[in-house]
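1. Need coordinates for the below:
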Amino acid sequence: MKPIISLKGFYFKNQHKGKHIITSKIEHPAILNPCRFLEKIGARVTYVGVDQYGRVSPEEIERAITKDTILITIMHSNNETGTLQPIMEIGDIAEKYGITFHTDASQSVGKVPVDVNDIKVDMLTIAGHKLYAPKGIGALFIRNGVVLEPLIHGAGHENGLRAGTENTLLAVGLGKACEIASLQISNSKLKELTNYFWRQLKAEFGDMVVLNGHPEERLPNTLNVSFVRRIGQDLLDKIPNLAASTGSACHAGSIELSPVLKEMNVPEEIGMGAIRFSLGRYTTKDEIDTVIKGFKEIF
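-> Alright, predicted model coming up:
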């Protein structure tokens, strides 16, 4: 709901200033679908591409700016690959041209340091369940001076932005989750486990496994790899106790890569074997070793 408020609410309130929005081709559907809706009612949206690591180019964003541009929205990190975007550089560009800048930081908050002033964003969205808060709660940071049109009209809840009685319990849960995350965010354990996982996969499978995403500029908990000339879902089906997601979908016997991997120009023989592993606060080295053993048994 928060990305919808930021995009639609901003456009409805500010379209008299311009109707052009810049985003990327690898955004979460929470961004892409509102953008496509806004296009139906008169907005013009530029979707910039990404490089082989899934990173957008600040230079391409700057080239896309016109006198009609009112909003730039680029995710802080990608939900499939974990690749971190050059948000600070984009923030500098947005500030230079006086354009409002929004980032979807749902995947990042609680995992890497995020400071709205450092990255110069005007709006930032948070998804609570991504940092151990209850499901169904989120937050939208709005910098002073940014004005949005309410999407749900009624009483003056949420500073007049969204009518309806607030869920106090969920809000308290989000606040506590953020407090706990802030105390643990400097802990390198998660990144070390993820790196260990990748090293073990590479040691066991060599050229048969490929990393998707940036090797360094990525979230500490996300590991997206491809097993070459394999189908990710087939592999997961053979390890029923493993909870992970694939980077492709099977429709009527054919393999369709995820839009993110497509935009990264990942070949089908590699992309169809993509699996995203998400490590968490309670993941252990023994669990990783068990997963490695499981893959060894099915190869």
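2. mind listing the strands in this structure by residue range?
-> Assigned by DSSP state E, the chain shows strands spanning 20-24, 44-48, 69-73, 100-104, 123-127, 138-142, 209-212, 222-227, 245-246, 248-251, 254-257, 274-278.
3. Quick check, pLDDT for N187.
-> For N187, the model assigns a pLDDT of 86.
4. Tell me the spacing between it and V147.
-> According to C-beta to C-beta, to the nearest Å, N187 and V147 sit 39 Å apart. Bear in mind the C-beta positions are built from the backbone N, C-alpha and C, glycine included.
5. what does T83 give?
-> 32 Å.
6. ok so, going back, return the member of the strands of the chain having the minimum mean pLDDT.
-> strand 248-251 (a mean of 46).
7. any idea how the protein splits into domains?
-> 2-183, 189-298 (automatic domain parsing).
8. Can I get the strands of the chain in CSV including distance to E60 and mean neighbour count?
-> Compiled in CSV, the strands of the chain are given as follows (distance: least, C-beta to C-beta, whole Å; neighbours: other C-beta atoms under 10 Å):
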stretch, distance to E60, mean neighbour count
strand 20-24, 9, 25
strand 44-48, 5, 17
strand 69-73, 12, 25
strand 100-104, 15, 26
strand 123-127, 21, 25
strand 138-142, 26, 19
strand 209-212, 21, 21
strand 222-227, 23, 24
strand 245-246, 29, 20
strand 248-251, 27, 14
strand 254-257, 22, 15
strand 274-278, 25, 22
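9. so what's the nearest residue to G82 once chain neighbours are set aside up against?
-> Counting by C-beta to C-beta, 6 or more residues apart in numbering, T222 is the residue found nearest to G82 once chain neighbours are left out, at 2.8 Å. Going by C-beta atoms under 8 Å, 6 or more residues apart in numbering, T222 touches 77, 81-82, 107, 194, 213, 276-279.
10. What ranges does the stretch 101-250 of the chain have for its helices?
-> 168-184, 189-205, 232-237 (DSSP state H, counting those that start in this stretch).
11. K296 is nearest to which of these?
-> helix 189-205 (6.1 Å; C-beta to C-beta).
12. What helices and strands are in contact with that closest one?
-> In terms of contacts (3 or more C-beta pairs under 8 Å, 6 or more residues apart in numbering; DSSP states H and E), helix 189-205 is packed against strand 209-212, strand 222-227, helix 285-298.
13. what about 6 Å?
-> strand 222-227 (3 or more C-beta pairs under 6 Å, 6 or more residues apart in numbering; DSSP states H and E).
14. and the strand it packs on, which strands flank it?
-> strand 209-212 (antiparallel), strand 274-278 (antiparallel) (DSSP bridges).
15. circling back to that earlier point, for the residue nearest to G82, name its beta-bridge partners.
-> S278.
16. now do V45
-> Bridge pairing for V45 - DSSP bridges - gives I21.
17. Next one: H153 relative to E39, how far apart?
-> Per C-beta to C-beta, H153 is found 24 Å from E39.
18. More neighbours: those two, which one.
-> E39 (13 against 9; other C-beta atoms under 10 Å).
19. so what's that one up against?
-> E39 sits next to V45 when contact means C-beta atoms under 6 Å, 6 or more residues apart in numbering.
20. Then the one 5 residues further on?
-> By C-beta under 6 Å, 6+ apart, the contact set of R44 is 19-20.
21. Likewise for R276?
-> 80, 224, 245.
22. Nearest to S258 among the residues you listed?
-> Nearest member of those to S258, counting by C-beta to C-beta, is E80, at 6.1 Å.
23. if you skip the residues just before and after it, what's nearest to that closest one?
-> V260 (4.6 Å).
24. my read: the one you found touches I26, true?
-> Yes - with contacts counted by C-beta atoms under 6 Å, V260 reaches I26, the gap being 4.7 Å.
25. so how far is V146 from G173?
-> Separation of G173 from V146 (C-beta to C-beta): 26 Å.
26. what bridges to the closest residue to M75 other than its chain neighbours?
-> Computed as C-beta to C-beta, 6+ apart, the closest residue to M75 that is not its neighbour in sequence is D104, at 4.5 Å. Beta bridges link D104 to T125, judged by DSSP bridges.
27. I'd say D104 and I74 touch.
-> No - the pair D104 / I74 is not scored as a contact, 8.1 Å apart, by C-beta under 6 Å.
28. Look through every helix and strand of this structure and give the one with the lowest mean pLDDT.
-> strand 248-251 (a mean of 46; mean pLDDT, DSSP states H and E).
29. picking that back up, between the strands of the chain, which one is nearest to R63?
-> The nearest among the strands of the chain, by C-beta to C-beta, is strand 44-48 at 8.9 Å.
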